[in-house]
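Student: Generate a structure from the sequence data that follows.
(2 chains)
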Amino acid sequence: MSDIGYYARRYPLGVAGAIIMTLFVLAAIFAGVVAPLDPFTTNAKASLAGPSGVYWMGADMMGRDVLSRLIHGARVSLAVALGATMIGSGVGAAVGLACGYVGGWFDLLVQRVTEIMQALPLLVMALVITASLGPSLRNTIIAIAIPLIPTVARVIRSNVLSLRELPFVEAARATGMSEWRVAIVHVLPNTLAPLIVLATAQLGSTILTEASLSFLGLGVPEPYPSWGRMLSESAAEYVRTAPWLVIYPGLAISLIVFGSNLMGDALRDALDPRQRD
Amino acid sequence: MAPVLEVSGLNTVFHTRRGLVRAVQDVSFSVEAGETLAIVGESGCGKTITALSLMRLIPQPPGEIVSGSVKVDGTDLLRLDDRTMRQMRGGKIAMIFQEPMTALNPLMTVGKQIAEMVMLHDGLPKAAAKNRAVEMLQMVRIPEPARRAKEYPHQMSGGMRQRAMIAMALACKPKVLVADEPTTALDVTIQAQILDLIGDLQREFGTAVLLITHDLGVVAETAQRVVVMYAGRKVEEGSVSDLFARPLHPYLRGLLGSIPRLGSARGLALSPDERLREIPGMVPALSDLPPGCAFAPRCAQADAKCHAQIPPFEAKQANHFAACWQA
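Tutor: Residues are numbered from 1 along each chain as shown, chains lettered A, B, ... in the order given. Okay, the predicted model is just below:
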């Protein structure tokens, strides 16, 4: 308990970020209980109704409650953001560690592949992948995760390249550790700081990519709500007539990106023992 | 008594773009249990490469141990497969490094790093390994070892980190300890403490110590025998007293002459022979060694023969060897 109080005092912004993230996660998990209305029920009479006692954040063109759709949409957005970031960062870190540590022709080959991948814009690549896999939540996550791999891999690789030359790595070898163990126990944890910063920064961009994919009809299929699609569908048409259709999904996306960045920064500091005491 | 560490005919080369660099050439020596052998020489003379060759930590490629043998208790390390070699490293032959500031993992507590090693080699369960780590920290005279074991390297001073490194190196009671400039990065007062500590632990465990240094003061204080290296070769070998009293090789004489002595400069005009002497020139590039004695270009006594032929390493006096045509 004293630890929580300590971190709260030391990283007030990080705690704020953690609270924001926790609220979103709780909203996503308990969407069925928290949401005031059913997100799928249409109501022709309430089409484009403004915020009121019934529709707190207004209703969309089909008369569906925006707040309820946002709360349910948190499931999709969080699943995509966390899933894609975790897969992308995990695989990227593994590839980067292998490249930096093994080096040689393996590194050369993999680096050329990542360069080819990076030559394609993230969205184009995600488009190609979803188009070939078909739209679904799982495929959206995969499609967004794959383009993240090269970025993460390159950052981790360069980090490993410099870490590999540090005396403590040689010292670890001198204690008779196997190369595997040196890489996992001594090198990998030392790449955690840039990995966390990178991952939390990408959390936001994955949500935006999902939004773009959904807008193009290749993301999570209708009628299930996703913040990205809510925002992008209404942005062009209703921004003047029904601004609540744009403002609230936009706020939700901004808030979660903000929260994840605050939390990531604090997490990086808190995980580094040199920043403690 | 059979020596614990026996190195013979060790040749280590590096394959570089500019050609073959012979970093260690035909180096042989042996160390008995409880004995300290010092390897001295300037930067770049092959001391550290010799040490890393013993541990088989030379990066391959570009490095390669071409020939020779490194026997620890009769087992030739150079003939072992990687797996067995890993068991020897840290278990039978351990190493401490020059840079205590960076030789410990910054993200792991000191106790855990020692415990990891104990678990790896002695197969102790976690709790027992942690206890051993605390014991070792106590043995290297770190106050409050139980609390210090839970600290991270950055919370310790340089001297304390070097003690922790020694604790880690000796945790599995190795037969041979390779100490690569263990005190170079430390304050003079701490240096003496660390050297005392190594000496005490050596007596307690009967460890053979290979001390690599460029500091002749350290050598005089701790070693029984000395090997002097120059440009990858041994140039002189003998007991500490012989070498300091009667240095044979002009290189060693130069090294001894370049040590500042207290009282040699009292602000008075110095007489010419009281000036600090330096050895002129630089260590030659190992990729471009002269055909004769590698030291000849810097040697005042060198003659035509020195420049043409490599002098053999031979006994000049009883138990005192040198490679010099003039000695």
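Student: residues contacting the most centrally placed residue in chain A?
Tutor: Nearest to the mean C-alpha position of chain A, counting by C-alpha atoms, centre = their mean, stands residue A:203 at 2.3 Å. Contacts for residue A:203 (C-beta atoms under 8 Å, 6 or more residues apart in numbering or on different chains) come out as A:81, A:82, A:85, A:256, A:257, A:260, A:261, A:264. Just so you know, the C-beta spots here come from the backbone N, C-alpha and C atoms, and that holds for glycine as well.
Student: buried sites along the helix or strand that contains residue A:76?
Tutor: If you go by DSSP states H and E, residue A:76 is part of helix A:66-102. The neighbour-count check on helix A:66-102 (16 or more other C-beta atoms under 10 Å in any protein chain shown) flags A:66-85, A:87-93, A:95-101 as buried.
Student: Which pLDDT value goes with residue A:2?
Tutor: Here, the pLDDT recorded for residue A:2 equals 59.
Student: starting at the chain centroid, how far to stretch A:194-208?
Tutor: Here stretch A:194-208 shows a centroid-to-chain-centroid distance of 5 Å under the convention C-alpha atoms, centre = their mean, to the nearest Å.
Student: Please read the previous query as pertaining to stretch B:226-236.
Tutor: 12 Å.
Student: pLDDT below threshold where in chain A?
Tutor: Scanning chain A for pLDDT under 70 picks out A:1-3, A:274-277.
Student: can you map out the helices along it?
Tutor: A:2-10, A:12-29, A:31-34, A:66-102, A:104-119, A:122-133, A:137-164, A:167-174, A:179-181, A:192-215, A:227-238, A:244-271 (DSSP state H).
Student: re earlier: out of the contacts of residue A:203, which comes closest to chain B?
Tutor: residue A:264 (17.9 Å; C-beta to the nearest C-beta).
Student: Touching, the closest one and residue A:199? I think so.
Tutor: Yes. Taking C-beta atoms under 8 Å as the definition, residue A:264 is a contact partner of residue A:199 at 6.9 Å.
Student: can you list the residues of the stretch 51-200 of chain A near chain B?
Tutor: Within the stretch 51-200 of chain A, the positions lying close to chain B (C-beta under 8 Å from any C-beta of the partner chain) are A:166-168, A:170-178, A:185-186, A:189-190, A:192.
Student: Residue of the stretch 1-150 of chain A nearest chain B, please.
Tutor: residue A:104 (9.2 Å).
Student: What's the separation between that residue and residue B:66?
Tutor: 22 Å (C-beta to C-beta, to the nearest Å).
Student: More neighbours: which of the two?
Tutor: residue B:66 (14 against 9; other C-beta atoms under 10 Å in any protein chain shown).
Student: which non-adjacent residue is nearest the residue nearest to the centre of chain A?
Tutor: residue A:260 (4.2 Å; C-beta to C-beta, 6 or more residues apart in numbering or on different chains).
Student: how close does the one you found sit to residue A:248?
Tutor: Separation of residue A:260 from residue A:248 (C-beta to C-beta) stands at 19 Å.
Student: Mind checking which of the two has more residues around it?
Tutor: Using other C-beta under 10 Å as the criterion, residue A:260 and residue A:248 rank with residue A:260 on top: 26 against 21.
Student: wait, isn't the more buried one in contact with residue A:204?
Tutor: Yes. Checked against C-beta under 8 Å, the pair residue A:260 and residue A:204 is within contact range at 6.4 Å.
Student: between those two, what contacts are shared?
Tutor: residue A:81.
Student: Tell me if residue B:6 really is in a helix.
Tutor: No. Counting by DSSP: H, G, I helix; E, B strand; the rest coil, residue B:6 is not found in a helix; it is strand.
Student: can you tell me which residues contact residue B:89?
Tutor: A:173, A:174, A:175, A:176, B:55, B:56, B:57.
Student: go again using 7 Å as the cut-off
Tutor: A:174, A:175, A:176, B:55 (C-beta atoms under 7 Å, 6 or more residues apart in numbering or on different chains).
Student: And it, how close does it get to residue A:26?
Tutor: Per C-beta to C-beta, residue B:89 is found 51 Å from residue A:26.
Student: Break down chain B into its helices, ranges please.
Tutor: Using DSSP H, helices in chain B cover B:47-55, B:82-88, B:110-122, B:126-139, B:145-148, B:158-170, B:188-205, B:216-222, B:240-245, B:250-257, B:304-308.
Student: Those helices: which one's closest to residue A:125?
Tutor: helix B:82-88 (40.3 Å; C-beta to C-beta).
Student: Could you report the neighbour count for residue A:13?
Tutor: 12.
Student: Verify the contact between it and residue A:262 for me.
Tutor: Yes. At 4.9 Å, residue A:13 counts as touching residue A:262 under the criterion of C-beta atoms under 7 Å.
Student: pLDDT at the closest residue to residue B:209 other than its chain neighbours, what is it?
Tutor: Counting by C-beta to C-beta, 6+ apart, residue B:209 lies nearest to residue B:36, which is 4.4 Å off, once chain neighbours are set aside. pLDDT, residue B:36: 90.
Student: can you pull the contacts of residue B:36?
Tutor: B:202, B:209, B:211, B:222, B:223, B:224.
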